[in-house]
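> Everything below, folded, please.
(one chain, ligands or ions: 4)
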Amino acid sequence: LELESALHKAIERNEIVLHYQPKIDVRAARMVGAEALMRWQRGDKLVPPGDFIPLAEETGLIVPLSEWALREAARQAKVWQLNFGFSDAIAVNLPNRLFERSDLVEHIHQCVSAYGVPHRAIQLEITETGLMKDLQNVIPALHRLNEVGVEISIDDFGTGYSSLAYLTTLPISEVKIDRSFVRDLGITPQSSAVVTAIIALARSLGLRVIAEGVETLRQMEVLHRLGCSVMQGFLFSRPLAADDLERWLAQTV
Ligand code: G
Ligand code: G
Ligand code: NA
Ligand code: MN
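Ligands and ions are numbered 1, 2, ... in the order given. Reported below is the predicted structural model:
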């Protein structure tokens, strides 16, 4: 209860920050977007999301937190547009209950309008498990988001037993290969079989594919050889504060 009220105040006190992990196209050797990940700056401690997102989901505080994250991501997209011509998307993780809100599209519209960035400046990540758990509520939202140009990425893909028949009918743009498969690439033959299948599936459905959790050169090489060239992971960069990411970019790309 104490933590709950502290989290409530954290939002008002601007103690929540977004860190950003670049998405890298290794073939083009450039950043093609970034994933926003929440942190709680509590005094001099940076509380990781694992320590407050579950509470936020239980208490419903995830709704104002996520709405804030959407606004903040739009603001950051504008700053990066001005600072270095950033024209890609910042991806925000949204749990199901946000997709259930009939005003989600309107809220995103307000966020991007407030900062004068296009709708495609915001991308949304929904987990495959979340998607499949609540198709009836989520599908209409996906269609409305697609109409205004907000792209959807399916997070943790390969872990959620999607119905392939459903996938073909959904307006999604990208699947993100779950880190568990990436971790075992080059170690177990099963993982490269799964990754190969996901890449083939994505290709036949016209979806982009990105791999998360890339930590080693070997994983990068195997992914590239299998046909996945967009990646995210500690090999390239941890999630960074916005100005650290700008410095990282200036040195790297
Ligand atoms: O950022 P990583 O470093 O520790 O994040 C841990 C977990 O918290 C991940 O499962 C991640 O998806 C989740 N998470 C991080 N930021 C957000 C966010 O802004 N919204 C939601 N819903 N989950 C987040
Ligand atoms: O899929 P999800 O949104 O949960 O992913 C975000 C989480 O993944 C964050 O906790 C982030 O810090 C973490 N993460 C990012 N890159 C890597 C990586 O290369 N390896 C591991 N183990 N975790 C990573
Ligand atoms: Na994610
Ligand atoms: Mn993921």
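> What residues does the stretch 151-253 of the chain have near ligand 2?
Listed as neighbours of ligand 2 in the stretch 151-253 of the chain under the rule CB under 6 Å from any ligand atom: Asp155, Asp156, Arg179, Glu212, Gly213, Val214, Glu215, Gly233, Phe234, Pro239. (Each C-beta comes from the backbone N, C-alpha and C, glycine too.)
> Does the fourth one touch Lys176 like I think?
Yes - counting by CB atoms under 8 Å, Glu212 touches Lys176, with 5.4 Å between them.
> Identify the contacts common to the two.
Taking CB atoms under 8 Å, 6 or more residues apart in numbering as the contact rule, Glu212 and Lys176 both touch Asp155, Gln232.
> Look at those two and report which has more neighbours.
Lys176 (26 against 21; other CB atoms under 10 Å).
> Could you turn the buried ones of the residues of the stretch 151-253 of the chain next to ligand 2 into a PyMOL selection?
Remark: buried members of these, expressed as a PyMOL selection using 16 or more other CB atoms under 10 Å:
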select buried, resi 155+156+179+212+213+214+233+239
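> Give me the subset of the residues of the stretch 151-253 of the chain next to ligand 2 lying in helices.
Using DSSP state H, the members of these that fall within helices are Arg179.
> Adding distance to ligand 1 and pLDDT, write the residues of the stretch 151-253 of the chain next to ligand 2 out as a markdown table.
What follows is those, written out as a markdown table (distance: CB to the nearest ligand atom, whole Å; pLDDT from 0 to 100):
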| residue | distance to ligand 1 | pLDDT |
| --- | --- | --- |
| Asp155 | 7 | 96 |
| Asp156 | 8 | 95 |
| Arg179 | 10 | 97 |
| Glu212 | 10 | 98 |
| Gly213 | 11 | 98 |
| Val214 | 15 | 98 |
| Glu215 | 14 | 98 |
| Gly233 | 12 | 98 |
| Phe234 | 11 | 98 |
| Pro239 | 6 | 98 |
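> Also near ligand 3: which of the residues of the stretch 151-253 of the chain next to ligand 2, exactly?
Asp155 (CB under 5 Å from the ion).
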